[in-house]
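Trainee: task: produce atomic coordinates for the following.
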Amino acid sequence: MINKEKKDLIISLCDFTPEAEVALSHACKIAEQSHDEVRLLHIINSDTKSKLKKNHEGEEAVYQKLKEWSENNYKATNIITSYHAEEGSIFSTIGEYVKETEAGLVVFGTHGVRGMQHIVGANSLKVILSCPVPVVVVQKKKADYHGYKKIMLPIDHSKFGKNKIAHAIQMAKNFNSEVIVFESLEKDPHLTNLIHNNVTFASNLLKAEKITFTHHKEDPTKGNFARQIIKHSAEVDADLIVITSQHDTDTIGDFFFGNHEVDIINNDAQIAVMCVNPVQNANVSISGIN
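Mentor: From the prediction side, this is the model:
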């Protein structure tokens, strides 16, 4: 979604549940501003085959449902909506398909990370980490009519956060959003300095792109950073929270989602969360800004 010169593809995972409908509403709201195509993607796995067998249906039923969803969505939104079904594993096929199609974004709906039973199962975070592009996770709250007008951008000491900042800014440009920069607190002077540098980097980009933003800091008396992100997001009525995977190591291959990320994705306010995997030595360029 950065320095885009062609129409991107937004993948909306579809298992024909209410959560998939919510995901599609978010995908379309994003596409409305970015002028991208939305593609429904269903992975035909053992769960799919079991349901088809129970209903005495063949795999053609999957394609028929996708066709109906696609046509109905186009009629309702005027967003170009295509569809695709592919047999495979949700833990590898989704990421592979994203790479193959060079899609720019993935959206999926869930009950919440704990006890997920639809689309990507209990190990859904593996799917997020397998995707080479940002993933927007939504719960039961459909996209608001105005889209993502307030975007929460947590900033900590991570040296891999530039990619997250870039995607947050691009989304803000699409929706003419206000960005809430939320700065973490550390006692270690070295980490404090890293945080300051990251906040300065983000602030300079936001100013250069003429994006309205406010700057808030973690309060050491009000619980951990993740809880404060969730609480403040709810208080300011944020529409999107942008996070990255955990970064306690220097090796990208060791990155993972920890409890804090899980809590944010599963927030009670049901705010959509964009998960951006870290990129080592990311060369961030937004409208020519490096």
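Trainee: when you work out contacts or count neighbours from here on, use the C-alpha atoms and nothing else.
Mentor: OK.
Trainee: so which residues of the stretch 101-250 of the chain form helices?
Mentor: 124-130, 162-175, 189-208, 225-235 (DSSP state H, counting those that start in this stretch).
Trainee: the residue lying farthest from the centre of the chain sits in which helix or strand?
Mentor: Within the chain, H56 marks the point farthest from the mean C-alpha position, 35.6 Å out by C-alpha atoms, centre = their mean. In the assignment (DSSP states H and E), H56 maps to no helix and no strand.
Trainee: returning to what we had before: mean neighbour count, distance to Y74 and mean pLDDT for the helices of the stretch 101-250 of the chain - can I get that in a markdown table?
Mentor: Formatted as a markdown table, the helices of the stretch 101-250 of the chain follow (neighbours: other C-alpha atoms under 10 Å; distance: least, C-alpha to C-alpha, whole Å; pLDDT from 0 to 100):
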| stretch | mean neighbour count | distance to Y74 | mean pLDDT |
| --- | --- | --- | --- |
| helix 124-130 | 20 | 27 | 80 |
| helix 162-175 | 22 | 21 | 94 |
| helix 189-208 | 16 | 34 | 96 |
| helix 225-235 | 18 | 32 | 95 |
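Trainee: let's have those in JSON lines, adding distance to A27.
Mentor: Formatted as JSON lines, the entries for those read as follows, by distance: least, C-alpha to C-alpha, whole Å:
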{"stretch": "helix 124-130", "distance to A27": "16"}
{"stretch": "helix 162-175", "distance to A27": "12"}
{"stretch": "helix 189-208", "distance to A27": "24"}
{"stretch": "helix 225-235", "distance to A27": "21"}
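Trainee: out of these, which is closest to A143?
Mentor: Using C-alpha to C-alpha as the criterion, the shortest distance between A143 and the helices of the stretch 101-250 of the chain is 12.7 Å, found for helix 162-175.
Trainee: V62 falls within a helix, correct?
Mentor: Yes. Going by DSSP: H, G, I helix; E, B strand; the rest coil, the assignment for V62 places it inside a helix.
Trainee: name the nearest residue to it, sequence neighbours excluded.
Mentor: Using C-alpha to C-alpha, 6 or more residues apart in numbering and skipping residues adjacent in sequence, the residue nearest V62 is A85, 7.6 Å away.
Trainee: so what's the one you found up against?
Mentor: 41-44, 62-63 (C-alpha atoms under 8 Å, 6 or more residues apart in numbering).
Trainee: tell me the SS of it?
Mentor: On the basis of three-state DSSP, A85 is classed as strand.
Trainee: that one and L40: what is the separation?
Mentor: According to C-alpha to C-alpha, to the nearest Å, A85 stands 8 Å off from L40.
Trainee: quickly list what the residue nearest to V62 is bridged to.
Mentor: H42 (DSSP bridges).
Trainee: closest one to K75 among the helices of the stretch 101-250 of the chain?
Mentor: For K75, the closest of the helices of the stretch 101-250 of the chain is helix 162-175, at 22.9 Å, according to C-alpha to C-alpha.
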